[in-house]
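# just coords:
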Ligand SMILES: Cc1cc2nc3c(=O)[nH]c(=O)nc-3n(C[C@H](O)[C@H](O)[C@H](O)COP(=O)(O)OP(=O)(O)OC[C@H]3O[C@@H](n4cnc5c(N)ncnc54)[C@H](O)[C@@H]3O)c2cc1C
């Protein structure tokens, strides 16, 4: 049987496109599938009234020199050092962002510019949800909604760990090494998040801060001054993110946006509770639980032929976008190496 591609990557978040880029750079054929309409995954930007709002990860940060160089190459329109004006002493979404030696960036056109640029030139099929895997034949396959099987010599899962688990759980006769990986992944849980983009009426004064991490709120983790990242922002815009424990309790509560706005008003002033327009987003899996991160991506040879690789933000130290990028690149290079390919 002939595979259409050497490598099939499921997931076009930062880890998936980073992996695919490294495979393509090694001269191998690669296709990427994603269930969403566009690429980027949790590195997400939503346009509200024409202005970009980063409603997943809010800014990029890291210290790996290659990662920093990749950001600078992909995002020429960026603000180095953002956020500079930080208020509050609450726990940031990713405390590493503020370690000594860490570099931070806002992306003027939205953080999704980074994965989009990494994806340019790659063969990416969006709107393709993988429902199950078939690892029984000589080539592994991703089974799409609707029944189509996409086969390749090497199948990469570049997803949140819980999403990997769902696919492995639905796979009959899981090979033993993958059962072991499954057990490792089961031992950890991503934190959820609830994120509200809020646009404010004309005349609202621009906040005098870039980021605010309130120290006294059970509901609110982060207020981000989105308009402070944009050139000629047409209005004041905030991203308002919930504390993980609060988000876990409220994930299925339709009233969470109103409750979060009320808390934003208590913390930042009445104006923050009175947006003219909002967009709410629910992240079931937002950030990895750092206590259970793995040191690198996984590559498992299948008894029937081919292999399965797993990368993503759990598969490199530190978590977050940097870990996603590093783990994807490492796995992609491995898959392009002569002894594996
Ligand atoms: C609110 C929030 C705040 C954050 N803050 C920070 C921060 O401050 N610092 C930091 O570094 N990181 C932060 N992160 C985490 C960071 O965004 C992620 O770690 C990183 O983007 C993960 O990349 P990934 O490629 O591993 O996974 P993802 O971005 O989740 O990519 C997975 C892709 O797989 C697709 N997919 C899922 N299931 C299927 C399926 N069955 N079939 C086909 N496609 C599928 C998804 O659509 C998605 O595009 C934050 C995230 C959120 C949501």
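Sure thing, it's come through. Keep in mind the model is a prediction, meaning the values are calculated, not measured. Numbers count the residues shown, from 1 in each chain.
# touching the ligand at all, stretch 296-308?
No. Residues of stretch 296-308 contacting the ligand under CB under 6 Å from any ligand atom: none, with a closest distance of 10.6 Å. In this view, the C-beta of every residue, glycine as well, is placed from N, C-alpha and C.
# Which residues outside that stretch are in contact with it?
Contacting residues not belonging to stretch 296-308 are listed as 133, 135-140, 152-157, 175, 177-178, 181, 309-311, 315-316, 327-328, 330-331, 334-335, 340 [CB atoms under 8 Å, 6 or more residues apart in numbering].
# Please give the centre-to-centre distance between it and its chain.
Averaged C-alpha coordinates place stretch 296-308 at 24 Å from its chain's average position (CA atoms, centre = their mean, to the nearest Å).
# just the helices in the stretch 151-300 of the chain please.
161-169, 176-186, 244-250, 256-268 (DSSP state H, counting those that start in this stretch).
# With distance to the ligand as added columns, please give the ones you listed in a markdown table.
A markdown table is the format used below for the helices of the stretch 151-300 of the chain (distance: least, CB to the nearest ligand atom, whole Å):
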| stretch | distance to the ligand |
| --- | --- |
| helix 161-169 | 4 |
| helix 176-186 | 13 |
| helix 244-250 | 9 |
| helix 256-268 | 13 |
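# Out of the ones you listed, which gets the lowest mean score?
Across the helices of the stretch 151-300 of the chain, helix 176-186 has the smallest mean pLDDT, namely a mean of 90.
# That one packs against which elements?
If contacts are counted by 3 or more CB pairs under 8 Å, 6 or more residues apart in numbering; DSSP states H and E, helix 176-186 sits against helix 161-169, strand 298-301.
# Okay, angle between the longest one and helix 176-186 too, please.
With axes from the mean of the first three to the mean of the last three CA atoms, to 10 degrees as the criterion, the two stretches helix 161-169 and helix 176-186 enclose an angle of 150 degrees.
# Can you tell me what sits against helix 161-169?
10-11, 130, 132-133, 157, 159, 174, 178, 181-182, 185-186, 188-190, 284-285, 288, 310, 312, 314.
# For it, buried residues please.
Buried residues in helix 161-169, counted by 16 or more other CB atoms under 10 Å: 161, 163-165, 167-168.
# ok, which stretches of the stretch 101-250 of the chain are strands?
With strands called from DSSP state E, counting those that start in this stretch, the stretch 101-250 of the chain shows them at 103-107, 123-125, 130-134, 141-144, 149-158, 191-199, 211-212, 220-225, 237-242.
# sorry, back to before: can you tell me which of the helices and strands packed on helix 176-186 is nearest to residue 6?
For those, the distance to residue 6 is smallest for strand 298-301, at 13.7 Å, taking CB to CB.
# Give me the mean pLDDT for whichever helix or strand comes after that closest one.
Going down the chain from strand 298-301, the next helix or strand is strand 307-311, by DSSP states H and E. Strand 307-311 comes out with an average pLDDT of 97.
# report the angle between the axes of strand 307-311 and strand 149-158?
Going by the same axes, to 10 degrees, strand 307-311 makes 40 degrees with strand 149-158.
# Can you name the next helix or strand after strand 307-311?
helix 320-336.
# That following helix versus strand 307-311: what angle between them?
160 degrees.
# Numbering from 245 from now on, please.
Will do, 245 is the new start, and the previous item becomes helix 564-580.
# who's in contact with the helix or strand of the chain with the lowest mean pLDDT?
Least confident element among the helices and strands of the chain, by mean pLDDT, DSSP states H and E: helix 420-430 (a mean of 90). Contacts to helix 420-430, defined as CB under 8 Å, 6+ apart, come from residues 379, 405-406, 408-409, 412-413, 415, 418, 538, 542, 544, 552, 554, 558.
# what do you get for stretch 476-483?
292-295, 297-299, 302, 439-446, 448-451, 466-471, 474, 508, 516, 519-520.
# I'd like the strands of the stretch 345-494 of the chain written out as TSV, with distance to the ligand and mean pLDDT added.
Below are the strands of the stretch 345-494 of the chain laid out as TSV (distance: least, CB to the nearest ligand atom, whole Å; pLDDT from 0 to 100):
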stretch	distance to the ligand	mean pLDDT
strand 347-351	10	98
strand 367-369	10	98
strand 374-378	4	95
strand 385-388	8	96
strand 393-402	5	97
strand 435-443	4	97
strand 455-456	10	98
strand 464-469	8	98
strand 481-486	5	98
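# Include mean neighbour count when you put the ones you listed into CSV, please.
Converted to CSV, those look like this (neighbours: other CB atoms under 10 Å):
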stretch, mean neighbour count
strand 347-351, 22
strand 367-369, 15
strand 374-378, 19
strand 385-388, 20
strand 393-402, 24
strand 435-443, 24
strand 455-456, 26
strand 464-469, 26
strand 481-486, 27
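# what's the closest of those to residue 267?
strand 393-402 (8.4 Å).
# need the residues of the stretch 245-394 of the chain near the ligand, please.
254-260, 277-280, 285-287, 300-301, 337-338, 341, 373-374.
# tell me the domain boundaries of this protein?
Domain assignment for the chain by automatic domain parsing gives 249-284+361-433+534-580, 328-351+435-531.
# what's the most buried one of those?
domain 249-284+361-433+534-580 (a mean of 20; mean count of other CB atoms under 10 Å).
# Would you mind measuring the gap between the ends of that domain?
12 Å (CA to CA, to the nearest Å).
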